[in-house]
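Colleague: Sharing a model that was predicted from the sequence below.
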Amino acid sequence: MLKKLLVLLSLCCAALAYAAVDVNQASEAELDGIKGIGPAMSARILQERQKAPFKDWADLIERVRGVGEGSAARLSAEGLRVNGHSFKKAKSPRKQRKAQEPAPAQGAQPPAASASAAQ
C-alpha cells in the first residue's frame, strides 16, 4: 500500500512539473524553467508585460525580440501559454493565395508554353 501511495505521489509531482505556464502570470523563475527561455528572454518578456498583458501569441511574437513563429512553437511545446492558449501556426499568406487561385482549365497550356508553340 505504501508503494502505491509513493508511486501516486511521484506521478502527481511529475504532472505538476509539466504544468502549463501562462506568460501573463508567470514569475521570472517560472519563465526561466521553460526550456528555451533564459534569463535575458524572461527579462524581455517581463519588461513588455509591464506595459500591457499579451493578448495572444501574435502579440507576444511582435513585442518580444527573439520570439518568432519557430521559437513560439517550441516554447508552446514546452508548456508556455498565452491566456491559456498554445501556439498554432497561422497559414502563410502565400498558401492562402494559392488556395484562392482558380485551377487552370484542363488542356490549357501555360502562357509561356503556348507562345513558344505558336512560333
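Modeller: Arrived safely.
Colleague: ok, Val82 to Met1 distance?
Modeller: With distances taken as CB to CB, to the nearest Å, Val82 is found 43 Å from Met1. Where C-beta positions appear, they are placed from N, C-alpha and C, glycine not excepted.
Colleague: Look at those two and report which has more neighbours.
Modeller: Val82 (22 against 5; other CB atoms under 10 Å).
Colleague: surely that one meets Asp22?
Modeller: Yes - with contacts counted by CB atoms under 8 Å, Val82 reaches Asp22, the gap being 7.2 Å.
Colleague: now the helices: where do they sit in the protein?
Modeller: 2-17, 28-32, 39-51, 57-63, 69-77, 93-100, 111-118 (DSSP state H).
Colleague: by contact count, what packs against the shortest one?
Modeller: In terms of contacts (3 or more CB pairs under 8 Å, 6 or more residues apart in numbering; DSSP states H and E), helix 28-32 is packed against helix 39-51.
Colleague: What lies in contact with the helix it packs on?
Modeller: 23-24, 28, 31-32, 37, 54, 60, 63-67 (CB atoms under 8 Å, 6 or more residues apart in numbering).
Colleague: at 10 Å what do you get?
Modeller: 23-34, 37, 54, 59-60, 62-67, 71, 75, 80 (CB atoms under 10 Å, 6 or more residues apart in numbering).
Colleague: Appreciated, that's everything.
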